[in-house]
Structures are given as structure tokens and as C-alpha cells.
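Enquirer: sequence and computational prediction follow.
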Amino acid sequence: MESQSTMSMEQYIPSYERYTYRAKEAVVEACRLALQAGRYWLEGPDLLTGVLTRAQEEERTYLAQLGIEVEALKQRLSQLVFHNVTTQEATSIEGGLSPAARRVFSAAALEAGALGHERIEPLHLLLGLIVCQLPPLADYVAGPEAIEKARQIAQQRVTVPNEPEAEPEVVLIDMARQQVITTKRASFVRKMMLWLLCFLPLEIFVCCLFIIGPFMGVASAVFLSDLHSWLDRRLLILLFLLTTFLLIWIMFSIVYRLPYTILMFRQAKTLGLTTTTAGRWLRFQLGRWLRLTLALSFFIGLALWLQSLTQAWWWLPIWLLLVVWRCYVIGWRSRPRELLPGVRRPLPEGAVRQRCASLLQRLNLTLEGIYVYDTNGQINFANAYATGLGSRRRIWLTDTLLKHFRVDEIEVICAHEVAHHCYHDLRKRLVWAIFSDLIILLCLHLISSRLFAIYDIQYIYT
């Protein structure tokens, strides 16, 4: 399985260098449909659907001469492409191709050579499907005589130019790579589920603490405040509740976050997505956890203190504070979510910067700037981000993106990020986040008020 990652899908397709631009487009469309159907390999129906999706008059006329109606064929294909493949069928996949798909590609190359055609067209792929007698074409064209008729029609239909024309480059979806990634992802999910099942008793205990923890803290605070009357009862209750939360949060982090972080790092290293070390990864994740813990402790402690002052409106100051925090993070801070430590540097002079500046000028859009998120090669996947609101609007491109993508591809990716600003997606995200915070706080207020009324513990705040 590991050896498959060193070979691209083109190496498994016979005479792929002879494929025309349209034939390559049909293969790309077939790959896209297979991935959409939840498979990392190509089947015969995928190839036929790919050809029909990009079909021109030549292919339609060819099928009509064979007595095949294209629309009826597409309806039958929709049932075959999204079918369930058994595990036995999936084990014979090689290079992202099923045995049937490999036969079709071989037959297409052989038929093109037998017909004296230098280039392989979509029509040759159709002929390869017919020769291999794969459904649903086999239902229309069956038997040696029908296959010979299909060859004769193909000989008449295919026109080969005297000199090959300049064609755009087609990037083929690497299904062999998708096969490796899918297999390793499935292994990661199995390990994660096994870990959670091993710690199921501890998980149940943590859930119970989440439910009864606050009430245990309140009961302990009331008991100790009776023993130490000189202590401020309100402060003591808040300290006990906050301590209870921290104990539950630490236990939750040990049970869930720590193993998940370790498995995520192993998965990223296995797929070659990062070059950082395990120690650096854990130190960075520990720093994020500490910041998150401090933020949660602050908000929960403030909420408990406000609730001790006014049980009716404690949620309003918390919500206003969250509004300010959301505006700062989404609108003002204007930095991408950090996967690993990185530094900001301006987009260097060159073709990429000129293309992006021209794009912004055509759209009459003003940004604070376009920046590079430089992780010093620690991240091996490309990404781009749109951040900020108003005068703080920015576009971020990772150093990996600039290193491995062409100028025109980077321009398209940058245009996608610019569209987020044009369509005010970040503003919509901010409004939705503020509204979600309000709903959550109101629900917590209603639940806590109901619980306090049921258990009659309101007196402890007085």
C-alpha cells in the first residue's frame, strides 16, 4: 500500500501521454464523480459518465449511430455510479483504478493503435468500454458483430489533425494518492474509536461530573462557609465552583484532547502534511490549551460572579463582552487560525503581486494588504484565508502555496478569498456568531433559573 504513494495515476493509464485535452478532461470528470460517490477509485460507469458529461457532437452522433439515446443512457448511469461496492471489489484496486477501469484504458489505447490514430480521443474511450462489454453499453452493443460495427463507425468518425495543436495543461486528480489518504484516514478513525471505547468508563464519569459538579461545589461551599463564618460566603462559593470547573476541564482534556492531539500529529506526519517535530507540536498545542483554559475560566468566573449579583440579567454583560471579543477576533485582529507558529510578511514583488493588484483594481476593492503566512516549511499543504472587516481586511497566502503553485493558479485562489470580502461573508459570520452566543446564554439562563428554583439554592448568594 505504501508503494502506491510514489506513483501517480498517470503511470497506471497506458499511453496517457497520447491523450488529447478532451480525453483528459473526461478522465478528470470521472475522477470527480467517483470522489463524489464516496469512492477513491474509478469504475467503468465513471469513465462513461465522464465522457458523456464532456460529450460533443462527435460522441453524440457516434452513440446515435449505434442506436443509443444519450439521455436514457445518462439515467441508467446515475444508478450505477452511486452504487455500493463490496469490500472484495475494493481490495483489487491499484493506482486508483478498478480492474474494469484498467481494462478499459488498455482497450482504448489498443483500439486507437489498431485504427491508426496517434492521439487517444473520448471516442476511443467509448470504444474501449464497448470492447470490454461493460454495463450499461453492453446492454446496447453486445456480441462480436456489434463490436466490429462500433470499430467501423469509430474509424469514420475520429478525425486526427496533421499536427497536434497546443493544448492547455490538465491536472489529473491523483486517485492513487486518494486511495492512500482514504486508507490512512480510516485507520485513524478506527484508532480514535478504539481509544474512546477503552476510556468509556472514565468518559461516563466525566459526563457525570459535568452534570453534578456545580451542585457539589455549591453544597461544599455552603458547608465550609458554615464552618468558617469569617470568610466571605459569596467569594467562597465562586472559588469552589471555579475549582470544580477546572478539575472537570482538566480531566476532559486528558481523556479527549490529549489523545486526539497525538493522533492528529501522527496522521499529519503519515500523510506528509507537516515537517515539525512532536515536541514542537505538543508545545504549541499546550500553549493554545492554556490560553483557552484562561479564557474559559475568566468567562465562567465572571458569569458566576454576575449571577451572584443579579440572577435575572447576569447573561447580558457576558453577551456584551462576547460581542466585543468576537468583533476583535473576526474584525480587528485579522489573522488566520494558527495551525503552527508562523510569521507575517508582505507579499513579495513579482507576478503574483501584480496579478492580485490588478484583480483588486478591477473589483474596485480596497484591502489593508495581502500577506504571506510563513511557517518556515513546517506545513506542507497550501491554504489561503480572508480575514478582517472594514479597514482591516486582509488576504493571507501560505508559503507552501507560493512555493508549489503557478501564478495563474494563485490568482484564482486569491480571487476566491477576495470574493469572501465582496460578498461580506465575514460580516455574516460575525452576526451569526453574536446571535448564537445570545441564544446559548439565554438557554443557560433559563436552565440555571429552573434548576435553582427546583433545588431551592438561591439563598446561598445572600
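Expert: Sure thing, it's come through. Numbering: from 1, shown residues only.
Enquirer: may I see the buried residues of stretch 426-445?
Expert: Going by neighbour count (16 or more other CB atoms under 10 Å), the buried part of stretch 426-445 is 426, 430, 433, 437, 441, 445. C-beta: built from backbone N, CA, C; applies to glycine.
Enquirer: what does stretch 409-419 give?
Expert: Buried, per 16+ other CB under 10 Å, within stretch 409-419: 410-411, 413-415, 417-418.
Enquirer: quick check: mean pLDDT of it?
Expert: Average pLDDT, stretch 409-419: 91.
Enquirer: for it, C-alpha coordinates in CSV please.
Expert: Taking C-alpha atoms only, stretch 409-419 is exported to CSV below (Å, rounded to 0.1, in the frame of the first residue of the first chain):
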residue,chain,number,x,y,z
GLU,A,409,-3.5,29.2,-10.0
ILE,A,410,-2.6,31.5,-7.2
GLU,A,411,-4.6,34.3,-8.9
VAL,A,412,-7.7,32.0,-8.9
ILE,A,413,-7.2,31.1,-5.3
CYS,A,414,-6.8,34.8,-4.4
ALA,A,415,-9.9,35.6,-6.3
HIS,A,416,-11.8,33.1,-4.2
GLU,A,417,-10.6,34.8,-1.0
VAL,A,418,-11.4,38.2,-2.4
ALA,A,419,-15.0,37.0,-3.1
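Enquirer: so which residues make contact with that stretch?
Expert: 352, 355-356, 359-360, 363, 365, 370, 382, 384-386, 395-397, 401-402, 405, 425 (CB atoms under 8 Å, 6 or more residues apart in numbering).
Enquirer: which of these count as buried?
Expert: Among the contacts of stretch 409-419, the ones that count as buried by 16+ other CB under 10 Å are 352, 355-356, 360, 370, 382, 384-386, 395-397, 401-402, 405.
Enquirer: now the two most distant members of those.
Expert: Leu360 and Ala382 (20.9 Å; CB to CB).
Enquirer: one step back: between the buried residues of stretch 409-419, which sits nearest Lys191?
Expert: Ile413 (33.0 Å).
Enquirer: restricted to strands, list the contacts of stretch 409-419.
Expert: Applying DSSP state E to these, the entries found in strands are 370, 384-386, 395-397.
Enquirer: closest one to Pro144 out of the buried ones among the contacts of stretch 409-419, please.
Expert: Using CB to CB, Phe405 comes nearest to Pro144 of the buried ones among the contacts of stretch 409-419, at 49.4 Å.
Enquirer: which non-adjacent residue is nearest that closest one?
Expert: Ala382 (6.3 Å; CB to CB, 6 or more residues apart in numbering).
Enquirer: with Ala138 instead?
Expert: In this structure, Ala138 finds its nearest non-sequential neighbour in Ile130, 7.8 Å apart by CB to CB, 6+ apart.
Enquirer: so after the strand or helix carrying the one you found, what's the next helix or strand?
Expert: In this assignment (DSSP states H and E), Ile130 forms part of helix 122-131. Next helix or strand after helix 122-131 toward the C-terminus (DSSP H and E): helix 137-140.
Enquirer: so after that next one, what's the next helix or strand?
Expert: As assigned by DSSP H and E, the chain's next helix or strand after helix 137-140 is helix 144-157.
Enquirer: which helix or strand in the protein has the lowest average pLDDT?
Expert: helix 87-90 (a mean of 47; mean pLDDT, DSSP states H and E).
Enquirer: centre of the chain versus the following helix or strand past that one, how much separation?
Expert: Using DSSP H and E, the helix or strand that follows helix 87-90 towards the C-terminus is helix 99-114. Centroid displacement of helix 99-114 relative to its chain, using CA atoms, centre = their mean, to the nearest Å, is 34 Å.
Enquirer: same check on stretch 111-122?
Expert: Worked out by CA atoms, centre = their mean, stretch 111-122 lies 39 Å from the chain centre.
Enquirer: got the contact list for the helix or strand harbouring Glu25?
Expert: According to DSSP H and E, Glu25 maps onto helix 21-36. Contacts to helix 21-36, defined as CB under 8 Å, 6+ apart, come from residues 9, 13, 19, 40-43, 46-47, 49-51, 53-54, 56, 81, 96, 119-122, 124-125, 167-168, 170-173, 175, 178.
Enquirer: likewise stretch 286-298?
Expert: With contacts defined as CB under 8 Å, 6+ apart, stretch 286-298 is touched by 242, 245-246, 249, 253, 257, 338.
Enquirer: mind listing which of those are in helices?
Expert: Counting by DSSP state H, the part of these found in helices is 242, 245-246, 249.
Enquirer: who does the closest residue to Pro346 other than its chain neighbours form a beta bridge with?
Expert: Spatially, and ignoring its direct neighbours in sequence, Pro346 is nearest to Tyr371 (6.1 Å; CB to CB, 6+ apart). Tyr371 forms beta bridges with Pro346, Trp396, as assigned by DSSP bridges.
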